[in-house]
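*Asks:* Predicted model and sequence below, questions to follow.
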Amino acid sequence: MMKLPLMAGLGLLLCWPATARLEILQRQVIAAISSEPDSEGADVLTMATPTGCGGTTLRMDAGSLGMDDAEYAAMKPQLARRIREKTPLLVSLDGCPRPGSTGEALVPVIRKLVGCSPSLCADGKARLYLDENLFPQERRRAPYALVVPLPPGKQKNTWKVDIFTAQQGKTLRMATHVDGPDYVHGNRVGGYTVYYPNGQIEKQVPQNARGRQEGESVSFYEDGTVQSRSHWRDGLPEGTQSDYHKTGQLREASEYRNGARVDGKAETFDEGGKLRTRMTYVGGKLEGEMLTYYPDGTVASRSVMNKGKFNGPSTFYYRDGKLRSSVNQINDAPDGEEREYHPDGKLASLRVYSDNGVLRSEQQYDAKGVLRVQRQWDKRQREQGSFRTWFDDGKPQQLVEYVDGQREGWSRTWGEDGGVEKECRFVKGEGQGCGK
């Protein structure tokens, strides 16, 4: 990576590191630099105001800044001039160190020094940048930010956390408390609230002293309608868990005991409150017959479940009760024949499966019963034999012959008048004098 020299004015002071690191950024005026290095050979700097880790002392050396010794030595006189002139700089830390083995506070290490610009130095607040999951991330990739150091919470030995969008800095994403002054190493306590960009609450989650979910958690749609309610005890679901449609109608309610779903019948409902599915849970998994319904209450499908997977025949129906399709399944994969029917009962398609859901052959028929498509494959899903299509009147439309997934033999295309429009013979996938 090219090393850039110390620039005058508001330009770049020190180069950015080659690899991404956790970042705490803050506009700072450096009040002083030690005349002698510390016991580990690092320079100790005193800030004019407290840092994002608390305290006013930071340390740095050539290695922490990603520079070689010559570059670091050339930079220090220019930095000294900035200190004398009290020029604000953007200081970057890769996190706050945890206390040492004897409890003593360790001095944070500077990773970058950058000349201030209006966008980066709007105020003197230190910010820790976070990703979509609210884990630390470098600034350029982070949608969220947290002002540090954290202020004390209302409860003893807690610290308040308010995470905002990184760009605007005004839209609250999450509010919570942690059990330590350092967000990175602290644990959430007392619960947390997540917000949508419009300020509406997205989720409220209570937690016990150990940071585990405890009590009723509620999620909301963006318009404020309740999306779900769940009850927890020491981090495990307990009692009634309910999900709702945007209309406010119940989608599903389930019961949990000691973190496991209670065995028995279960039902789901559509947005209008009509029964959608009926099933049975045994040992937390679907077992036996599962039924789905149309809004008028007629059966839309019947399936056989075993240990949470489709095992056995599944049949699907039109609204008038006529058979729409049927298939047998083993561990969620189709096995044997799958038949689909037109509304008048005529066969619409026939597919054959083997070897855990591998499609072996297919025939498609139009509403008049005319065969329109015929194809077949081997166990490795390679095309085999003749692939054919027909026009509405039953006349041939196209023929392509395959062997082991390659064109082998004749390929022909016919017009609606029955005349051959194009013809070519293939050997191992290569056309023999077919032209372009």
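*Replies:* Received, thanks.
*Asks:* Which parts of the stretch 51-200 of the chain are helices?
*Replies:* 69-84 (DSSP state H, counting those that start in this stretch).
*Asks:* which stretches of it form strands?
*Replies:* Ranges of strands in the stretch 51-200 of the chain, per DSSP state E, counting those that start in this stretch, are 57-60, 89-93, 110-115, 126-130, 144-148, 159-165, 172-178, 188-195.
*Asks:* Compare the ones you listed and give me the one nearest residue 304.
*Replies:* strand 188-195 (40.0 Å; CB to CB). In short, each C-beta sits where N, CA and C put it, glycine included.
*Asks:* which residues are contacting the closest one?
*Replies:* Residues outside strand 188-195 that contact it (CB atoms under 8 Å, 6 or more residues apart in numbering): 153, 155, 158, 161, 171-179, 201-207, 209, 211.
*Asks:* so where's the stretch 151-300 of the chain shaky on pLDDT?
*Replies:* Within the stretch 151-300 of the chain, the set of residues satisfying pLDDT under 70 comprises 168-169.
*Asks:* again, only using 90
*Replies:* Within the stretch 151-300 of the chain, the segments meeting pLDDT under 90 span 154-157, 166-170, 179-190, 208-212.
*Asks:* Find out how far stretch 279-295 is from the centre of the chain, if you would.
*Replies:* 28 Å (CA atoms, centre = their mean, to the nearest Å).
*Asks:* Which parts of that stretch count as buried, going by neighbours?
*Replies:* Residues of stretch 279-295 classed as buried: 279, 281, 286-287, 290, 292-294 (neighbour count, 16 or more other CB atoms under 10 Å).
*Asks:* got it, and stretch 264-271?
*Replies:* Of all the residues in stretch 264-271, those buried under the rule 16+ other CB under 10 Å are 266, 268-270.
*Asks:* Next, the contact list for residue 262, please.
*Replies:* Contacts of residue 262 (CB under 8 Å, 6+ apart): 254-256, 281.
*Asks:* now swap in residue 131 and tell me
*Replies:* Taking CB under 8 Å, 6+ apart as the test, what residue 131 contacts is 137, 141-144.
*Asks:* Put together a markdown table for these, with neighbour count on each row.
*Replies:* Converted to a markdown table, the contacts of residue 131 look like this (neighbours: other CB atoms under 10 Å):
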| residue | neighbour count |
| --- | --- |
| 137 | 22 |
| 141 | 12 |
| 142 | 23 |
| 143 | 14 |
| 144 | 24 |
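*Asks:* Now the two most distant members of those.
*Replies:* Greatest spatial distance among the contacts of residue 131 (CB to CB): 141 and 144, at 10.9 Å.
*Asks:* Find the nearest non-adjacent residue to residue 72, please.
*Replies:* residue 62 (3.7 Å; CB to CB, 6 or more residues apart in numbering).
*Asks:* Next up, the contacts around that neighbour.
*Replies:* Residue 62 neighbours (CB under 8 Å, 6+ apart): 68-69, 71-72.
*Asks:* Farthest pair within the contacts of residue 262?
*Replies:* The distance between the two most remote of the contacts of residue 262 (CB to CB) is 10.9 Å, for 256 and 281.
*Asks:* how does this structure divide up, domain by domain?
*Replies:* Segmentation of the chain into domains, based on automatic domain parsing, reads 263-369, 370-436.
*Asks:* Quick check: which of those domains is nearest to residue 28?
*Replies:* domain 263-369 (54.8 Å).
*Asks:* what's the helix or strand for residue 229?
*Replies:* Per DSSP states H and E: residue 229 is located in strand 226-233.
*Asks:* Output the contacting helices and strands for that strand.
*Replies:* Packing partners of strand 226-233 (3 or more CB pairs under 8 Å, 6 or more residues apart in numbering; DSSP states H and E): strand 215-220, strand 239-244.
*Asks:* So which elements touch the last one?
*Replies:* In this case it means strand 239-244. Under the contact criterion of 3+ CB pairs under 8 Å, 6+ apart, strand 239-244 touches strand 226-233, strand 250-257.
*Asks:* tell me what the last one is packed against?
*Replies:* Here strand 250-257 touches strand 239-244, strand 264-269, going by 3+ CB pairs under 8 Å, 6+ apart.
*Asks:* okay, the angle between it and strand 264-269?
*Replies:* In terms of direction (axes from the mean of the first three to the mean of the last three CA atoms, to 10 degrees), strand 250-257 departs from strand 264-269 by 160 degrees.
*Asks:* residue boundaries of the strands in the stretch 301-436 of the chain?
*Replies:* Assigned by DSSP E, counting those that start in this stretch, the strands in the stretch 301-436 of the chain fall at 309-317, 323-330, 333-341, 347-354, 358-365, 371-376, 385-390, 396-403, 406-414, 420-427, 430-431.
*Asks:* Identify the neighbouring strands of the first one in the sheet and state each direction.
*Replies:* The partner list of strand 309-317 in its sheet, established with DSSP bridges, is strand 299-306 (antiparallel), strand 323-330 (antiparallel).
*Asks:* swap in the last one?
*Replies:* Using DSSP bridges, the strands paired with strand 430-431 in its sheet are strand 420-427 (antiparallel).
*Asks:* what does the strand it pairs with contact?
*Replies:* Residues from elsewhere that reach strand 420-427 (CB under 8 Å, 6+ apart): 401, 406-415, 431-434.
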